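A.B. asks: Need a 3D model of the following:
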Amino acid sequence: MARISSRVKNVPASGIRKFFDIVSQMEDVISLGVGEPDFVTPWRIREACIYALEKGYTTYTSNYGLLELRELIAGHLQARYGVKYDPGTQILVTVGVSEAIDLALRAILEPGDEVLVPEPCFVSYKPCVAFAGGTAVPIATGVETQFTPSPEQIGAAVTPRTRAMLLSYPSNPTGTVMSRRALQTIMDIAADRDLYVISDEIYDLLVYGVEHACLASLDGAYERTILLNGFSKAYAMTGWRIGYAACHPEVLEAMMKIHQYTMMCAPITAQMAAIEALRNSEADIVEMIQQYDRRRRLIVSGMNKIGLDCFEPKGAFYAFPSIQSTGLSSEEFAERLLRDERVAVVPGNTFGECGEGYIRCSYATSVQNIQQALERIGRFVSTISPARGKRAASR
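C.D. replies: Numbering: from 1, shown residues only. Just a heads-up that it's a prediction; the model follows:
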């Protein structure tokens, strides 16, 4: 009989996986579920990787990552946000931001330590806290507060065991962007209670009509912020698996120690590609953001016309419409929509209990796909009466 760690066994499988296992066996499905750019990585970035291979760059790198890449990351953060990191002691190149999250949590948590996690949130946050031996403390948010936690909620959730907060703005799944002022109130609490703040800013460049506030640039934030970012979303480099962490040297050294023994280093060819991305891909990013913005406006207006009230996302590439008017649960809505109309979305409760009554729709797909998906969703919703939905949900 297999003996599985209770720490792992008690964590449920990803709710997203269930739907995409089904999608993979169906035809004519329009997917609004995958959080992945539909753009191919810009050619100049791919060419840099090809050239690196041709020149024989196939070795390990420093555990910290290529110094040239770390220097460019440091320059990018200082030029864009005014935060200064030493590329030699404060920046670690990781295998995607997912690894960086795991490293950060394992580096700072003792068994039983608590981490505050505002929800709805990315599906891996709470499991990663559990894998690191901590306890995730969810903080429920709703559309009435634009899916942001209040200072009162955060203050009430802090206990003597609270070690950190895990934030991610712009948000997956809601597209929420927190203002500098709102983030400062949260950081003030962190400073007052002596908490770390892990800030996953993977969508920082994907904002529409607003500015992203880098958490480490706030008053009193630099020393206690573990800043995480990467190349997957804005540079359309999901499969390249290149992320990074920037933080206090002692915390970074602890993260590097785990990385050193478990991962060694990020792939050298992907690091070479990331160097090119930082050097010469600004125009590619601008073009992709413009296209995402067009799609964002299309899907939000389309959902509202259908009768699914949709909060306006200001960042990332997700819409989070309410399906409460249908009387169906999030899972039932998603399952029936997939079965009846061949449109894949993700149930909102996948991202936390307060996500119930919503669905996540990625607009990182073509305008044509979004238009067809909206037609199908509209047809599906028109066949549902709230009374029928409530009866079905109670079964």
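
A.B. asks: need the strands for the stretch 101-250 of the chain, in chain order.
C.D. replies: For the stretch 101-250 of the chain, the strands defined by DSSP state E, counting those that start in this stretch cover 114-119, 135-140, 162-167, 196-200, 225-230, 243-246.

A.B. asks: is it possible to export those to a markdown table including mean pLDDT, mean neighbour count and distance to residue 213?
C.D. replies: From N, CA and C alone the C-beta is placed, and that goes for glycine too. Written out in a markdown table, the entries for the strands of the stretch 101-250 of the chain read as follows (pLDDT from 0 to 100; neighbours: other CB atoms under 10 Å; distance: least, CB to CB, whole Å):
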| stretch | mean pLDDT | mean neighbour count | distance to residue 213 |
| --- | --- | --- | --- |
| strand 114-119 | 98 | 25 | 16 |
| strand 135-140 | 98 | 18 | 19 |
| strand 162-167 | 98 | 24 | 11 |
| strand 196-200 | 98 | 26 | 10 |
| strand 225-230 | 98 | 27 | 12 |
| strand 243-246 | 98 | 27 | 16 |
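
A.B. asks: Using JSON lines, lay out those together with distance to residue 340.
C.D. replies: Supplementary listing: the strands of the stretch 101-250 of the chain in JSON lines, determined by distance: least, CB to CB, whole Å:
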{"stretch": "strand 114-119", "distance to residue 340": "29"}
{"stretch": "strand 135-140", "distance to residue 340": "31"}
{"stretch": "strand 162-167", "distance to residue 340": "37"}
{"stretch": "strand 196-200", "distance to residue 340": "35"}
{"stretch": "strand 225-230", "distance to residue 340": "37"}
{"stretch": "strand 243-246", "distance to residue 340": "38"}
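
A.B. asks: Out of those strands, flag the one nearest residue 6.
C.D. replies: Of all those, strand 135-140 sits nearest to residue 6, with 13.8 Å by CB to CB.

A.B. asks: what does the closest one contact?
C.D. replies: 112-119, 125-126, 129-130, 149, 153-154, 157, 161-162, 352-354 (CB atoms under 8 Å, 6 or more residues apart in numbering).

A.B. asks: Listing partners with orientation, what would you give for that strand?
C.D. replies: Taking DSSP bridges as the criterion, strand 135-140 pairs within the sheet with strand 114-119 (parallel).

A.B. asks: angle of the strand it pairs with against strand 162-167?
C.D. replies: 20 degrees (axes from the mean of the first three to the mean of the last three CA atoms, to 10 degrees).

A.B. asks: Spatially central residue in this protein, please.
C.D. replies: residue 172 (4.7 Å; CA atoms, centre = their mean).

A.B. asks: if we can go back for a sec, ok, which of the strands of the stretch 101-250 of the chain comes nearest residue 252?
C.D. replies: When these are ranked by proximity to residue 252, the top entry is strand 243-246, at 6.6 Å, counting by CB to CB.

A.B. asks: gap between that closest one and the chain center?
C.D. replies: Taking the mean of its C-alpha atoms, strand 243-246 sits 14 Å from the chain's own mean (CA atoms, centre = their mean, to the nearest Å).

A.B. asks: just checking, what packs against that strand?
C.D. replies: Taking 3 or more CB pairs under 8 Å, 6 or more residues apart in numbering; DSSP states H and E as the contact definition, the neighbouring helices and strands of strand 243-246 are helix 67-81, strand 91-94, helix 96-108, strand 225-230, helix 249-262.

A.B. asks: could I get these as JSON lines with distance to residue 331?
C.D. replies: Formatted as JSON lines, the entries for the helices and strands packed on strand 243-246 read as follows, by distance: least, CB to CB, whole Å:
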{"stretch": "helix 67-81", "distance to residue 331": "39"}
{"stretch": "strand 91-94", "distance to residue 331": "33"}
{"stretch": "helix 96-108", "distance to residue 331": "25"}
{"stretch": "strand 225-230", "distance to residue 331": "30"}
{"stretch": "helix 249-262", "distance to residue 331": "35"}
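
A.B. asks: Looking at these, spot the one closest to residue 360.
C.D. replies: Each of the helices and strands packed on strand 243-246 was checked against residue 360 via CB to CB, and the shortest separation belongs to helix 96-108, namely 18.1 Å.

A.B. asks: looking at the strands of the stretch 101-250 of the chain, which is closest to residue 47?
C.D. replies: Set against residue 47 and scored by CB to CB, the strands of the stretch 101-250 of the chain come closest in strand 225-230, at 20.5 Å.

A.B. asks: And the closest one, what does it pack against?
C.D. replies: Packed against strand 225-230, as judged by 3+ CB pairs under 8 Å, 6+ apart, are the following elements: helix 96-108, strand 196-200, strand 243-246.

A.B. asks: I'd like those written out as CSV, with distance to residue 360 added.
C.D. replies: What follows is these, written out as CSV (distance: least, CB to CB, whole Å):
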stretch, distance to residue 360
helix 96-108, 18
strand 196-200, 17
strand 243-246, 22
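
A.B. asks: one step back: not counting residues beside it along the chain, what's closest to the residue nearest to the centre of the chain?
C.D. replies: In space, not counting the residues next to it along the chain, residue 172 is nearest to residue 122; the distance is 4.9 Å by CB to CB, 6 or more residues apart in numbering.

A.B. asks: Per-residue confidence, the one you found, what does it come out as?
C.D. replies: In the predicted model, residue 122 carries a pLDDT score of 96.

A.B. asks: ok, how many other residues are close to it?
C.D. replies: The number of residues packed near residue 122 is 22, by other CB atoms under 10 Å.

A.B. asks: show me what contacts residue 185?
C.D. replies: Taking CB under 8 Å, 6+ apart as the test, what residue 185 contacts is residue 151.

A.B. asks: Tell me how far the closest residue to residue 120 other than its chain neighbours lies from residue 139.
C.D. replies: Spatially, and ignoring its direct neighbours in sequence, residue 120 is nearest to residue 351 (3.6 Å; CB to CB, 6+ apart). Look at residue 351 and residue 139: by CB to CB, to the nearest Å, they are 13 Å apart.

A.B. asks: Next, show the common contact partners of those two.
C.D. replies: In the contact map built from CB under 8 Å, 6+ apart, the residues linked to both residue 351 and residue 139 are residue 119.

A.B. asks: Do I have it right that the residue nearest to residue 120 meets residue 173?
C.D. replies: Yes: taking contacts as CB atoms under 8 Å, residue 351 lies within contact range of residue 173: 4.9 Å.
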